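# here is my input, please return the structure:
(one chain, ligands or ions: 1)
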Amino acid sequence: MARERVAMEVGSDGVAIITISNPPVNALATSVIVGLKEKYKEAMKRSDVKAIVLTGGGGKFSGGFDINVFMEVHKTGNVSLLPDESIDLLVNTIEDASKPSVAAIQGLTLGGGLELTMSCHARISTPDAQFGLPELTLGVIPGFGGTQRLPRLVGLSKAIEMMLLSKSIRAKEGKECGLVDAIVSPENLLMVARSWALEIANGSKPWISSLKRTDKLASLSVAHKILHASRQQAKKTSPNMPQKQVCLDAIEEGIVSGGYAGLLKETRLFNEIILTSTARSLVHAFFAERATSKVANVTDVGLKPTNIRKVAVIGGGLMGSGIATTLILNGVHVVLKEIDSALLQRGINSVTGNLEGLMKKGSLTLDKKNKVLSHLKGALDYSDFKEVDMVIEAVIEKIPLKQSIFNEIEKICPQHCILATNTSTIDLNIIGEKTKSQDRIIGAHFFSPAHIMPLLEIVCTEKTSPQVILDLMTLGRIIKKVPVIVGNCTGFAVNRTFFPYGQAAQFLLHLGVDLYRIDRVISTFGMPMGPFQLQDVAGFGVALAVKPIFSSAFKGRTFESDLQELMVQSGLNGKANGKGYYLYQSGSKPKPNPFIETLIEESRRRTRIISTEKPISVTDQEIVEMIFFPVVNEACRVMDERVVARASDIDIASILGMGFPKFRGGVVFWADTVGSSYIYSKLKVWEDAYGGFFTPSPYLEEKARKGLPLSSETSSSSQSLRARI
Ligand SMILES: C[C@H](O)CC(=O)SCCNC(=O)CCNC(=O)[C@H](O)C(C)(C)COP(=O)(O)OP(=O)(O)OC[C@H]1O[C@@H](n2cnc3c(N)ncnc32)[C@H](O)[C@@H]1OP(=O)(O)O
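Residues are numbered from 1 along each chain as shown. Below is the predicted model of the structure:
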């Protein structure tokens, strides 16, 4: 096995080409590491080998160390599964070898892959190569000497930026900062690398060991200043990412005590940080995201995706214009339809505004903006719909309106056209009730702002055809979203799981807890903002429109209050008009709105969930639990009803769609760290005190009774999502 993954070919010029070949990303699996050591041993022994070129097969160098091993370490707690190679392979075998190594690099060169190349004596790259140390996104730190060699090659500030922000760079920048020695075309890569290696061997090019270099390192006092500033910055911006401070500790050791001491410290710290809850959560999230691309009976039955070139978007409001923006940005032609020219112009202005926002951030040039806008066409009727491959309806959440639109587009669009709706809540069978094209109807639920949020919740009914699902998944990837496939029910997976989030916050507020305290506690937990600020930002229009839909679908477990109606009646529409739970003024942070207190009092009086006037007393932990345990409880129902194929789909959807903290691994993963029995027992207590909103679901009850994690499969839940729907 090892032999297959690492090959060696010795040329008549005396250069041994050692190639890593472990598709799809040449991950450094244990067998690859064993193979590398074997080949190096052989190359050192052979008298016909003067120098080595290390490269990767399939157009890439390597995506880094095999992350599956991290998963094994998390399952077993056994850090000895991690190969202790920082010294043995990278220093003893490669860097300190008696024959020089040159890395010939193209494509991805990440993590352990980049670290391998840095232990070589020179790096030759193609222009497309991408270099990065993204280990911190997995909750760990570079473990093959990256914390020591990168600062020595590119300087301390640049190295810190690349590691702490997990920022990768292209070959050109790599050459400018000293990481890359030469950039050559793919055709010349091996030829240049071989002659470079021979020139090092014969002394006409310098034999450089990165670990021993000091010329790029700042003086000790300047280095301390840079490290201190980086620590402060990380503390401020990433309080929940301990790996940043740990990475700086490893770098600092190397600067103070030398590269070799730095390597030893890096290994020790790596073996500690890999076991933290942050690393466990982030590694889980990595695999959860990748798992979404595998859908039983869709991606495993040999279907080929259809090319979707032109999409009609109906409705140019917030969602429709966001969807149109994301489509044209990624090369898809869009017909944006509105009902009159004023609304159409407003929609087009919104798209333009979205693009200008991206320009301000520096992620879009003026040229690109103009090119992108040329993909957009406005329409006031359906004449252009005859040649579209997909329609995405994005009008307000009114069932009769959606039904009549689907009725019309079914007649006008071509037979192959996918009929998608961006509804966030309404059952697709109801929307498509009046059509005969049930197999072409699908949910394309984007999250606002649609051109920025990475999740695409794809909703399928029992009749949606696998081809249609595959085509929307493919389009989702083209427009750089993570598509998660879910079944059809009110609210689908994400909004259904999260409807108790806003409602539980309201519940606590009506029990007398201060809303600004709730927001602070939930932000500290890791949500991007508290539930009340989120309501302000989202506006109350959608919330009020979907309220009766949730109430009728989930009878007995919703919390009703009049507060949002009272706010709208008093002219508090949320962030849109600058007045909601908070007051908004451009250029300053949101401030508490003193006027809200009277409305809260009125709403509490009408709701009367406690008999006394006295507010309840809760700890911060109880606030988190009273808000998130009902969310977990609903996630249990979503899993039980097979709305998702696997628990990890809820995890990734909660992270990408709702901003659930990634460092907690997603809603279900986090719940399993808390424990099903504990969550069940707390919900029981609140059920007794406050009623049905907190009643534990049968799924949660069963897991708690058996002491099982919520993510564990049960016999009734072992079938696939598609088999159910
Ligand atoms: C000791 C060292 O310092 C520690 C390390 O090196 S830790 C690893 C550092 N490297 C990384 O973090 C890179 C992680 N990988 C990625 O970011 C992306 O996969 C990528 C940019 C390499 C490729 O992206 P993309 O082309 O979209 O393909 P993607 O779907 O993500 O991955 C393809 C497959 O490769 C797997 N894969 C990617 N990187 C992997 C890795 N480092 N180890 C194991 N498997 C990996 C994925 O799980 C996926 O498997 P699947 O097909 O079975 O689902």
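# list, one by one, the residues from the protein near the ligand.
Taking Cβ under 6 Å from any ligand atom as the contact definition, the chain meets the ligand at 24-25, 27, 63-68, 108, 110-112, 115, 134-135, 138, 142-144, 146, 290. Backbone N, C-alpha and C define where each C-beta goes, glycine included.
# pull out the buried residues from those.
Buried residues within the residues of the chain next to the ligand, counting neighbours by 16 or more other Cβ atoms under 10 Å: 25, 27, 63-67, 108, 110-112, 115, 134-135, 138, 142-144, 146.
# how about the stretch 201-350 of the chain: which residue is closest to the ligand?
Using Cβ to the nearest ligand atom, the closest approach of the stretch 201-350 of the chain to the ligand is made by R290 at 3.8 Å.
# tell me the SS of that residue?
Under DSSP: H, G, I helix; E, B strand; the rest coil, R290 falls in the helix class.
# which one is E565 nearest to, not counting chain neighbours?
Excluding the flanking residues, the one nearest E565 by Cβ to Cβ, 6 or more residues apart in numbering is L544, at 6.9 Å.
# residues in contact with the one you found?
Applying Cβ atoms under 8 Å, 6 or more residues apart in numbering, we find L544 in contact with 564-565, 568.
# try V624
Counting by Cβ under 8 Å, 6+ apart, V624 has contacts 521-522, 525.
# where's it, which helix or strand?
Using DSSP states H and E, V624 sits within helix 620-640.
# again, but for A223
Assigned by DSSP H and E, A223 falls in helix 220-237.
# so K614 makes contact with L511?
No - contact criterion Cβ atoms under 8 Å: K614 and L511 do not qualify, at 9.9 Å.
# between these two, which one's more packed in?
Neighbour count, other Cβ atoms under 10 Å: between K614 and L511, L511 has more, with 19 against 9.
# and the nearest residue to that one once chain neighbours are set aside, how far from L220?
Once flanking residues are discounted, L511 sits nearest to I616: 4.6 Å by Cβ to Cβ, 6+ apart. Going from I616 to L220 by Cβ to Cβ, to the nearest Å gives 55 Å.
# same deal with F663?
For F663, the distance to L220 - Cβ to Cβ - is 33 Å.
# show me which residues of the helix holding V624 are buried.
Of the residues in helix 620-640, 622-640 count as buried by neighbour count, 16+ other Cβ under 10 Å.
# please enumerate the helices of the stretch 601-725 of the chain.
Using DSSP state H, counting those that start in this stretch, the helices of the stretch 601-725 of the chain run over residues 620-640, 647-658, 667-674, 676-690, 698-706, 721-724.
# secondary structure element for F532, which one?
helix 531-538.
# any idea how far that helix is from the middle of the chain?
Remark: helix 531-538 is offset 22 Å from the chain centroid, using Cα atoms, centre = their mean, to the nearest Å.
# give the next helix or strand downstream of it.
Counting by DSSP H and E, the next helix or strand C-terminal to helix 531-538 is helix 540-553.
# pLDDT score for the nearest residue to G64 once chain neighbours are set aside?
Of all residues not flanking G64 in the chain, G111 sits nearest, at 2.6 Å (Cβ to Cβ, 6+ apart). As predicted, G111 sits at a pLDDT of 98.
# for K398, same thing?
If you check K398, the pLDDT there is 87.
# ok, now L227?
pLDDT, read off for L227, is 97.
# what do you get for G587?
We have a pLDDT of 86 for G587.
# next: the one 4 residues further on.
We note a pLDDT of 97 for K591 in this prediction.
# please name the nearest non-neighbouring residue to it.
L583 (4.9 Å).
# what about the one you found, neighbour count?
Close neighbours of L583, defined as other Cβ under 10 Å, add up to 18.
# that one against P590, yeah?
Yes - the pair formed by L583 and P590 meets the contact definition of Cβ under 8 Å, at 6.8 Å.
# quick one, strands of the stretch 451-600 of the chain?
With strands called from DSSP state E, counting those that start in this stretch, the stretch 451-600 of the chain shows them at 455-460, 482-487, 582-583, 591-592.
# so what touches the third one?
To tie it back to what came earlier, the one meant is strand 582-583. 532-533, 536, 575, 590-593.
# same thing but at 7 Å, please
533, 536, 590-593 (Cβ atoms under 7 Å, 6 or more residues apart in numbering).
# in the stretch 551-700 of the chain, what residue lies closest to the ligand?
Nearest residue of the stretch 551-700 of the chain to the ligand: S648, at 12.0 Å (Cβ to the nearest ligand atom).
# grab the nearest non-local neighbour of that residue.
Here the residue nearest S648, using Cβ to Cβ, 6+ apart, is A288, at 3.7 Å.
# same thing with I430?
I430 sits nearest to I399 (Cβ to Cβ, 6+ apart), 6.0 Å away.
# do the same with A51
Using Cβ to Cβ, 6+ apart, the closest residue to A51 is A197 (3.6 Å).
# isn't the residue nearest to I430 up against L428?
No - if you go by Cβ atoms under 7 Å, I399 and L428 don't touch, sitting 11.4 Å apart.
# export only the CA atoms of stretch 243-253, formatted as PDB.
Only the C-alpha atoms of stretch 243-253 are listed here, as PDB (Å, rounded to 0.1, in the frame of the first residue of the first chain):
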ATOM      1  CA  GLN A 243      -5.300  27.500  19.000                       C
ATOM      2  CA  LYS A 244      -4.300  31.000  18.100                       C
ATOM      3  CA  GLN A 245      -2.500  31.700  21.400                       C
ATOM      4  CA  VAL A 246      -1.000  28.200  21.300                       C
ATOM      5  CA  CYS A 247       0.300  28.700  17.800                       C
ATOM      6  CA  LEU A 248       2.000  32.000  19.000                       C
ATOM      7  CA  ASP A 249       3.500  30.100  22.000                       C
ATOM      8  CA  ALA A 250       5.100  27.600  19.600                       C
ATOM      9  CA  ILE A 251       6.400  30.400  17.300                       C
ATOM     10  CA  GLU A 252       7.800  32.300  20.300                       C
ATOM     11  CA  GLU A 253       9.700  29.300  21.600                       C
END
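# what comes into contact with it?
Stretch 243-253 has contacts (Cβ under 7 Å, 6+ apart) with 136, 139-141, 147, 151, 160, 163-164, 227, 230-231, 234, 238, 261-262, 265-266, 269, 273, 278.
# just checking, A493 touches V643?
Yes - here A493 reaches V643: they are 5.2 Å apart, a contact under Cβ under 7 Å.
# looking at it, A635 is touching F499, isn't it?
No - checked against Cβ under 7 Å, the pair A635 and F499 is beyond contact range at 11.3 Å.
# pLDDT below threshold where in the stretch 601-725 of the chain?
Scanning the stretch 601-725 of the chain for pLDDT under 70 picks out 610-613, 714-725.
# quick one, what contacts the residue lying closest to T126 once chain neighbours are set aside?
Nearest non-adjacent residue to T126, counting by Cβ to Cβ, 6+ apart: Q106, 4.1 Å away. Counting by Cβ under 7 Å, 6+ apart, Q106 touches 59-61, 125-126, 128-129, 186, 189.
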